[in-house]
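need coordinates for the below:
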Amino acid sequence: MGLFDMEEGAFYRCQRCTNCCRWPGEVPVTGEEIDTIADFLGVTADAFIARFTTLRRSRRGLTLIEEQDGKCVFLDGIDCRIQEVKPNHCAGFPNRWNFPGWRSECEARPEWASDDDTRVKG
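As a prediction, the model looks like this:
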């Protein structure tokens, strides 16, 4: 995954617009994330895997399933049902990964570190 159309030195603060959650594509999940999300939902890891994941296109790991329209299975209106334990992939958008044209979809606002601060935290 690459980074596209980022302002130099900016950290993008999520506004929870959920537009990235509506964008089709893989949301890879690790074994640790599966355990954490399953526990949060009150199901076993095996039940979570069976109900909410599928094999990645690369056949290297699992990804969250999507609805038919491409949105995340955990998007409920404008809320993420697993916000407190969402995968690192979700938490990393758009600062650790994004896609061409993301700025026309995403409402994240750029912030810059002040002189006395080394980095604006997300």
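
from here on, contacts and neighbour counts on C-alpha atoms
Will do.

can you list contacts of the lengthiest helix in the chain?
For the chain, the helix reaching the highest residue count under DSSP state H is reported as helix 31-41. With CA atoms under 8 Å, 6 or more residues apart in numbering as the contact definition, helix 31-41 has outside contacts at Thr44, Ala45, Phe48, Ile49, Ile82, Val85, Lys86, Pro87.

could you do stretch 71-91 as well?
Applying CA under 8 Å, 6+ apart, the external contacts of stretch 71-91 come out as 16-18, 21-24, 27-29, 33, 36-37, 40, 52, 64-67.

just to revisit the earlier point, what is the rounded mean pLDDT of the longest helix of the chain?
Across helix 31-41, the average pLDDT comes to 98.

one more: stretch 108-122?
Along stretch 108-122, the predicted confidence averages to a pLDDT of 66.

so which helix or strand takes in the residue nearest to the spatial centre of the chain?
If you average the C-alpha coordinates of the chain and look for the closest C-alpha using CA atoms, centre = their mean, you land on Cys90, 1.2 Å from that point. Secondary-structure element containing Cys90, defined by DSSP states H and E: helix 88-91.
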